[in-house]
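Peer 1: build me a model:
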Amino acid sequence: MSKTKTRRSRNSIFNHLPRGENGGVQLLLIHNVEHLGKQGDIVEVKPGHANNFLLPQGLATVATEHHMRMVEKHREKLRQLELEKLVEYRSRAAEISRQSITIEANANDEGLLYGSVGPQDIADALKEVGITIPQDQVRLQGPLKELGLYTVSIHLHSEVDAELKVWVVPTVGAEEEAARI
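Peer 2: All right, here's what the predicted structure looks like:
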């Protein structure tokens with residue numbers, strides 16, 4: 001008997017969410033959600049996505065008139081904050097674009113690396129010059145497997161990317177050790 005009570009109350013929760021034109025649930029985004037919308041947008045999603053992800057994670061709330069009025073009051077403040085963030089990201093992108101980092105790697109005589117240089121190596125090298133970024137912001141076409149100069153994209157924001165010059169050079173100790181043998 002308790003199962004039917006639970007099922008009824010659960011269904012009543014689903015029924016109280018506002019429905020959109022396409023039969024989905026209308027929600028007001030509290031935070032920016034990639035591939036869905038920006039903070040303050042009213043979006044229509046499937047009920048499962050709303051109840052299992054957006055609402056429990058605190059990324060969205062029910063789109064009521066009260067919430068929409070509150071967002072309208074704060075929309076200008078939100079735009080101002082977003083513009084300030086963009087200015088900060090653009091200045092950081094300019095700082096990264098001015099940098100040129102060097103990564104030493106073991107390579108053979110033809111210039112092929114024994115391993116490869118990946119996003120973590122680039123993020124670590126940037127950290128050594130005072131710029132900290134997560135490795136998932138480093139966008140490579142594939143791992144760097146040869147010596148040379150590469151231009152690597154650093155994705156800071158949906159609207160801001162930076163270009164970083166990466167030199168992959170042979171390890172100094174390896175050349176001296178090879179000369180001794």
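
Peer 1: residue 130 in helix, strand or coil?
Peer 2: Of the three states, residue 130 takes coil under DSSP: H, G, I helix; E, B strand; the rest coil.

Peer 1: and residue 36, what are its phi and psi?
Peer 2: Main-chain dihedrals, residue 36, degrees, to the nearest 10: phi -130, psi -50.

Peer 1: just list the residues touching it, thanks.
Peer 2: 29, 43, 45 (CB atoms under 8 Å, 6 or more residues apart in numbering). Yep, even glycine has a C-beta here, placed from its N, CA and C like the rest.

Peer 1: wait, doesn't the first one sit right on residue 37?
Peer 2: Which is residue 29. Yes. With contacts counted by CB atoms under 8 Å, residue 29 reaches residue 37, the gap being 5.2 Å.

Peer 1: who's more crowded, the two?
Peer 2: Counted by other CB atoms under 10 Å, residue 29 and residue 37 do not tie: residue 29 has more neighbours, with 21 against 17.

Peer 1: what segments of the chain are helices?
Peer 2: Under the criterion DSSP state H, the chain carries helices at the ranges 2-16, 47-49, 65-98, 119-128, 172-180.

Peer 1: can you give me how far the third one is from the chain middle?
Peer 2: Between the mean C-alpha location of helix 65-98 and the chain-wide mean there is a distance of 16 Å, by CA atoms, centre = their mean, to the nearest Å.

Peer 1: packing partners of it?
Peer 2: In this structure, helix 65-98 packs against strand 25-29, strand 148-157, strand 160-170, with contacts taken as 3 or more CB pairs under 8 Å, 6 or more residues apart in numbering; DSSP states H and E.
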